[in-house]
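[1] heads up, no residue letters with this:
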């Protein structure tokens, strides 16, 4: 007699999909603060400034004008039209309105991109360390992430590294610049190297450009702007980092056929379109003067220099990040295990960081500091760290 399998179980594709350690650390910080303890919070990933007032007022206007009905699932026309102009001017991408799709944040754009192109059994090249959810998104598409160590790949050549880790089942490359958690920025020459590899092996590139406006040395290069790459690249963006709109959940993805039709289906059947008032606020965000972004970038650079120079002085060796708002110092002086090191920093120094291992094996031996906090908070955190390390 055979035993019938229980129907009361999750889909198997979720068996290897976990929850982020970052959430657990955030909860611990909340717990300590609720107990009245000071916590120097370097664990976060949100802009240090508030959403600009004109963007907030645009949301209010949308509400007052009753722009609260269902929007087209692909996004309102004024936003997509404004993005066509933005992409042309700032990213050097020639796209049509039909190739722009509004998503519920950059994470939703990435989720849709992975679901649109990855089949069970596919492999995906992924530079490591990487933003924590990416591996789970790939695994959730029943594909296998192939981790390419970023630091050694940059030292010895990206092409050689990609060749080394690629398999006959490789279908795509996840390409993130500036990178979270390291702040590394791929140069134009490196982008061209990745592009040449993708074209040689007929691969799709999924580009994550969340931190496009936070490059401190050199320029941001959208890989889809390189010759022969537009037709094989799905590019994802967000309003979260440039305009301090993390909670507004507005992002976008651009692609050509056949990918854009698949992406439209995924957005339609996951969220059926993004919040209409939020989209009108995003239209206003795109009208923000470039000087605003340049000023925020200047402030981030000053925060970066303050934190990274202090970390190095304290014996926590740290390369100067070229972009984003994270630093990834070596933490061996505290403990060789990054989880234990982060726990010690939080419990004994009340300095909240993220263990490097959660960003992949290549992050072990490091912790991530986020410097998108007030300057006074960085100074106070450095003082607490200094006292702990004495």
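    It's in. These numbers were taken from a predicted model, which means no experiment stands behind them.
[2] so, low pLDDT: which residues of the stretch 201-350 of the chain?
    For the stretch 201-350 of the chain, not a single residue meets the criterion pLDDT under 70.
[3] now do the strands in this structure.
    With DSSP state E, the ranges of strands along the chain come out as 40-41, 100-103, 123-128, 144-149, 170-176, 204-208, 233-238, 251-254, 326-327, 351-352, 354-355, 367-370.
[4] turn the ones you listed into CSV, columns for mean neighbour count and distance to residue 275.
    For the C-beta atoms, the positions are set from N, CA and C on the backbone; glycine is no exception. Output for the strands of the chain, formatted as CSV (neighbours: other C-beta atoms under 10 Å; distance: least, C-beta to C-beta, whole Å):
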stretch, mean neighbour count, distance to residue 275
strand 40-41, 21, 28
strand 100-103, 26, 10
strand 123-128, 25, 30
strand 144-149, 19, 31
strand 170-176, 23, 26
strand 204-208, 25, 22
strand 233-238, 26, 14
strand 251-254, 27, 12
strand 326-327, 27, 28
strand 351-352, 23, 30
strand 354-355, 27, 29
strand 367-370, 27, 26
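[5] right, and those strands - which one's nearest residue 73?
    With respect to residue 73, and counting by C-beta to C-beta, the nearest of those is strand 100-103 at 8.8 Å.
[6] closest one to residue 67 among the strands of the chain?
    The nearest among the strands of the chain, by C-beta to C-beta, is strand 100-103 at 14.4 Å.
[7] mind putting the strands of the chain into TSV with distance to residue 29?
    TSV is the format used below for the strands of the chain (distance: least, C-beta to C-beta, whole Å):
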stretch	distance to residue 29
strand 40-41	6
strand 100-103	29
strand 123-128	26
strand 144-149	28
strand 170-176	26
strand 204-208	26
strand 233-238	24
strand 251-254	26
strand 326-327	17
strand 351-352	5
strand 354-355	11
strand 367-370	12
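[8] so which of those gets nearest residue 376?
    strand 40-41 (10.8 Å).
[9] ok, residues contacting that closest one?
    For strand 40-41, contacts defined as C-beta atoms under 8 Å, 6 or more residues apart in numbering pick out 29, 349, 350, 351, 352, 373, 377, 380, 381, 384, 385.
[10] same thing with stretch 143-158?
    Residues from elsewhere that reach stretch 143-158, judged by C-beta under 8 Å, 6+ apart: 114, 118-130, 134-135, 138-139, 160-162, 165-167, 169-171, 179, 182, 184, 190, 193-194, 197, 360-362.
[11] buried ones from the residues you listed, can you make that a ChimeraX selection?
    Only the buried entries of the contacts of stretch 143-158 go into this ChimeraX selection, using 16 or more other C-beta atoms under 10 Å:
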select :114,118,122,123,124,125,126,127,128,129,130,134,135,138,139,161,162,165,166,170,171,179,182,184,190,193,194,197,360,362
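[12] now, the contacts of stretch 143-158 that are in helices?
    Under the assignment DSSP state H, these contribute 114, 134-135, 138-139, 160-162, 165, 190, 193-194, 197 to helices.
[13] tell me which of these is nearest to residue 328?
    residue 134 (16.1 Å).
[14] and the closest one, how close does it get to residue 380?
    Separation of residue 134 from residue 380 (C-beta to C-beta, to the nearest Å) stands at 32 Å.
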